[in-house]
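*Asks:* next come a sequence and a model predicted from it.
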There are 2 protein chains.
Amino acid sequence: MSTVNRRIVLKLRPTGIPLPEHFKRDDEPLAVPGAGQFLVRNLFLSIDPAQRGWVNSSGNYSNPVAIGAVMRSLCVGVVEASQHPDVAPGEHLYGWFGWQDYCVATPQEILRRVDPAQAPLTAAAGVLGITGLTAYLALTRIGAPQRDETVIVSTAAGAVGSIVGQIARRLGCFVVGITGSEEKVSRCKREFGYHEALNYKSGFDTAAIRERCPRGADVFFDNTSGAIADAVIPVMNIRGRVIQCGTAAEPVWDPPPSGPRRDREILVKRLRHEGFIIFDHVKEFPAVAATLAQWIREGSLHYRDDVEPGLDRAPPALAAIYQGENQGKKIIQL
Amino acid sequence: MSTVNRRIVLKLRPTGIPLPEHFKRDDEPLAVPGAGQFLVRNLFLSIDPAQRGWVNSSGNYSNPVAIGAVMRSLCVGVVEASQHPDVAPGEHLYGWFGWQDYCVATPQEILRRVDPAQAPLTAAAGVLGITGLTAYLALTRIGAPQRDETVIVSTAAGAVGSIVGQIARRLGCFVVGITGSEEKVSRCKREFGYHEALNYKSGFDTAAIRERCPRGADVFFDNTSGAIADAVIPVMNIRGRVIQCGTAAEPVWDPPPSGPRRDREILVKRLRHEGFIIFDHVKEFPAVAATLAQWIREGSLHYRDDVEPGLDRAPPALAAIYQGENQGKKIIQL
């Protein structure tokens, strides 16, 4: 076991997208767990769009990462030593272990205990982590799509969107994806269960969406906000549900960007627009992960991991996901 | 009984607020009800902000009133003659009888049968009509305020808002009103149950609202949209509910006006923003009207009618309510 804990800490607070220049390496001697603590060795770091919010000082749902603190991250790790009766060496855990080799943790940092027999360990950091759990829970809890309803998904080929598309298809919906390249359009239809898909960079407007949605849209799973969402909203049917799961299309929210007001559309169509944060639903993680894992073992849920080795790759990998450069769920392997 | 039916029809389609110039008188010989029909003599016409939407060609939830057709209006009338087995002469009805002296109607135009012993007949066109029913149903069904939560109401002294304030107060909430004059501010606190009230025309901003809402806001009953709503949204608490019941602050919605995007606020606070249209809830009208009527008889629900005589006063009265000139629920007496 190493005697050094390599760490990446926040150097400067970004106002928009976090870039490599906002981070720095700051290694420390390896700590030992005290009473009630345990030591986790990180195996995989999950790179998530939500990390932008965790370092921004506003428009956030949790206290921002402090300057000089280890970058907040969800990780899959293995317990190396434990001074806690409920946590045993050798156990695999998914939790808040940060951009570092080792984390001295307590049970409150655990989001889910991982059974390596359930699925590959990378899946625990991705499709069985907040990525797939968000897709399942936001779609079913807020969207509540019914058979034959139409579901539109933005960032349709992304880590979350690609799972949303497949779940909506399983539920008997007509599913339309919005994504950022012709190659992703075809992947949406071939791999991710979408009946139709549109490239928002080419010929994209409300009329084009309407053409792909002959019965309008009942659920909009929105990961983008901005102009993409503006184009979708007029296609919504009466009593449609808009799930705000991300705001990837707008880099800065302080002050908030301007756009067309939606209040009249919300009123006359009785739309419901609701925000979703996965961490409100931690109690449901084991059951939903078990369902998704079963679909994976059956071969009926497709996902892509985009795994890159090396702790120092975490900052550029995070910056790259906002450019849509990843091919599936971005994971850093240590 | 007259042999002429005085009528006010739509002459020109407004793009924003309907003004007197958009209407004209177009009297007709009085018709007689055929089989399955009955003849209603209008007693009171309800002047409602929603009427703007009924004549606009877009941003609407029903087919707009046709050019040359009688202006759509909710009315309280008495049955003068009936060829329908379920409707008896002498019955009082609340329904879609239009800006005219008489209406040949069928049961589908009835929204509620009125018991004149329950409350004054003007109340049937106002506080026991869509005004009070909207206040009760939108607040309780979408807002679902809990005891000790904070409720903010825009157009707080208006026909709907003044009832919302009182119902929220009955439910044990801390209630804050936003209105358009110092006189209305004091009326909100004196008559309508508001703990605090603000004049949006003077010193009004998010900080001023926050000062009146020491525990933030859990429910926002929004009748305005626009800059008033923009100032309220940042005060909302986690899992707050925004009821979109009107959009009175923005005269034109085609194309939609611009404003700060709220998606990030909706996401990070898991807000729920939902539109409300009273006509989705017609089945609940008798029970809710009975509740409100009991509160009126007990003297515990205050309302003001602003009754003006004369059919020809309907068009200027409608234009005036968008200027906030009415003192209570505007009703035209025939």
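*Replies:* In hand now; what should we look at?
*Asks:* helix, strand or coil for A:A135?
*Replies:* Classification of A:A135 using DSSP: H, G, I helix; E, B strand; the rest coil returns helix.
*Asks:* that one and chain B, how far apart?
*Replies:* Look at A:A135 and chain B: by C-beta to the nearest C-beta, to the nearest Å, they are 16 Å apart. Every residue, glycine included, has its C-beta placed from N, CA and C.
*Asks:* how near is that residue to A:V235?
*Replies:* As for A:A135, its distance to A:V235 is 21 Å (criterion: C-beta to C-beta, to the nearest Å).
*Asks:* of the two, give the one with the bigger neighbour count.
*Replies:* Higher neighbour count among A:A135 and A:V235: A:A135, with 29 against 20, using other C-beta atoms under 10 Å in any protein chain shown.
*Asks:* the more buried one is in contact with A:I167, isn't it?
*Replies:* Yes. With contacts counted by C-beta atoms under 8 Å, A:A135 reaches A:I167, the gap being 6.1 Å.
*Asks:* and for the residue in the stretch 101-250 of chain A positioned nearest to chain B, the neighbour number?
*Replies:* Chain B sits closest to A:S225 of the stretch 101-250 of chain A, with a gap of 3.9 Å, by C-beta to the nearest C-beta. Per other C-beta under 10 Å, the neighbour tally for A:S225 reads 25.
*Asks:* residue contacts, A:C103?
*Replies:* Counting by C-beta atoms under 8 Å, 6 or more residues apart in numbering or on different chains, A:C103 touches A:L39, A:V40, A:N42, A:C75, A:G77, A:F97, A:E109.
*Asks:* next SSE after the helix or strand containing it?
*Replies:* A:C103 belongs to strand A:102-105 when assigned by DSSP states H and E. With elements assigned by DSSP H and E, the helix or strand that comes after strand A:102-105 is strand A:110-114.
*Asks:* tell me what the helix or strand following that following strand is packed against?
*Replies:* For strand A:110-114, the following helix or strand on the C-terminal side (DSSP H and E) is helix A:121-125. Contact here means 3 or more C-beta pairs under 8 Å, 6 or more residues apart in numbering or on different chains; DSSP states H and E; on that basis helix A:121-125 packs against strand A:38-46, strand A:74-82, strand A:92-96, strand A:110-114, strand A:305-309, strand A:329-333.
*Asks:* quick one: buried residues of stretch A:305-324?
*Replies:* A:305-306, A:308, A:311, A:313-315, A:317-322, A:324 (16 or more other C-beta atoms under 10 Å in any protein chain shown).
*Asks:* again, but for stretch A:119-133
*Replies:* Buried residues in stretch A:119-133 (16+ other C-beta under 10 Å): A:119, A:121-133.
*Asks:* distance of A:F97 from A:N326?
*Replies:* Using C-beta to C-beta, we find A:F97 at a distance of 21 Å from A:N326.
*Asks:* and these two? Which one has more around it.
*Replies:* Each of A:F97 and A:N326 has its neighbours counted (other C-beta under 10 Å); A:F97 has more, 26 against 20.
*Asks:* which residues touch that one?
*Replies:* A:V40, A:N42, A:S73, A:L74, A:C75, A:G77, A:C103, A:A105, A:E109.
*Asks:* for chain A, what helix or strand is lowest in average pLDDT?
*Replies:* When the helices and strands of chain A are scored by mean pLDDT, DSSP states H and E, helix A:51-55 comes last with a mean of 91.
*Asks:* does that helix reach chain B?
*Replies:* Yes. Residues of helix A:51-55 are located near chain B by C-beta under 8 Å from any C-beta of the partner chain, namely A:G53.
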